[in-house]
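[1] no FASTA, just this:
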């Protein structure tokens, strides 16, 4: 039986986040948001804010992950530094799924990210 | 002759001079002859680094032609490489995944972009061993 998107996402987190007990620093959370953007899991226009208290708008790809589209190994992407991630993200085309009527945009801060991250502990 | 003047004199030659500059910085196969697989990887690296543009996925066959656009203004972008040491280490699958989702850059639609076609075999032949 094929795995649901939720199950696939849990697998992804389990495989790629080996220290779920430690809350990410602001810089780690920022890095992850760029990684997720590069992996097509989320989208935000422009740059992620540099201040933890500044709000930002983003949307989540409800159909992600689609395993057949993701590279089998993401080790290279996970070694990219923030500058490299920002550089690559700045060259991405805005994906079609961001225009779907059911795609919700969220307005969050770093504190909100931290709260959600606790779910994966 | 400066690089820019040399470019005006012989665009293709300068293209390869610049290819070599980037490859010398990034190549992990120092002293070894390049293969068609190396050439494929290099073309994806260059697209991710903003040096060239091609549509879709690259062919696998060594003798199949690749049509690409070359960013003539990229020499000014050599500075961006200072912090880009891990991009060339991405796997082919990772680079293809990112490449498919890139938007066509403005320079690729401008008159300053040079059009060229090449096969991996020609690329390897024209590029000296690094």
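    Okay, I see it. Values in this document were obtained by computation on a predicted structure and should not be read as measured data.

[2] tell me which helix or strand of chain A sits lowest on mean pLDDT?
    Lowest on mean pLDDT, DSSP states H and E among the helices and strands of chain A sits helix A:110-117, with a mean of 74.

[3] so what secondary structure elements neighbour that one?
    Applying 3 or more C-beta pairs under 8 Å, 6 or more residues apart in numbering or on different chains; DSSP states H and E, one finds that helix A:110-117 makes contact with helix A:26-38. From N, CA and C alone the C-beta is placed, and that goes for glycine too.

[4] ok, and what's touching the next helix or strand after the helix it packs on?
    Downstream of helix A:26-38, the next assigned helix or strand under DSSP states H and E is strand A:42-43. Strand A:42-43 has contacts (C-beta atoms under 8 Å, 6 or more residues apart in numbering or on different chains) with A:33, A:36, A:37, A:58, A:59, A:60, A:61, A:94, A:95, A:98.

[5] what's the closest non-adjacent residue to the last one?
    Yep, that's residue A:98 we're talking about. residue A:43 (4.9 Å; C-beta to C-beta, 6 or more residues apart in numbering or on different chains).

[6] pull the number of nearby residues for the one you found.
    Residues lying near residue A:43 (other C-beta atoms under 10 Å in any protein chain shown) number 20.

[7] can you check residue A:30 too?
    The burial count for residue A:30: 21, using other C-beta under 10 Å.

[8] tell me the centre residue of chain A?
    residue A:36 (2.6 Å; C-alpha atoms, centre = their mean).

[9] so who does that residue touch?
    With the criterion set at C-beta under 8 Å, 6+ apart, residue A:36 makes contact with residue A:42.

[10] flag the shaky bits of the chain, pLDDT-wise.
    Just going to use chain A. A:1-2, A:18-21, A:116-121 (pLDDT under 70).

[11] right idea, wrong chain: chain B
    Chain B contains residues with pLDDT under 70 at B:1-31, B:75-80, B:128-130.

[12] enumerate the residues of it near chain A.
    Residues of chain B lying near chain A by C-beta under 8 Å from any C-beta of the partner chain: B:48, B:50, B:80, B:83-84, B:86-87, B:89-91, B:93-94, B:96-98, B:101-105.

[13] give me the neighbour count for residue 73.
    Using chain A here. For residue A:73, the neighbour count with other C-beta under 10 Å is 11.

[14] switch to chain B, that's the one I care about
    The number of residues near residue B:73, taken as other C-beta under 10 Å, comes to 11.

[15] hmm, residue B:105 and it touching each other?
    No: using C-beta atoms under 8 Å, residue B:73 is not in contact with residue B:105; the gap is 10.4 Å.

[16] what's the burial count for the nearest residue to residue A:80 once chain neighbours are set aside?
    Closest residue to residue A:80 apart from its sequence neighbours, by C-beta to C-beta, 6+ apart: residue B:86 at 5.1 Å. Other residues lying near residue B:86 total 16 when counted by other C-beta under 10 Å.
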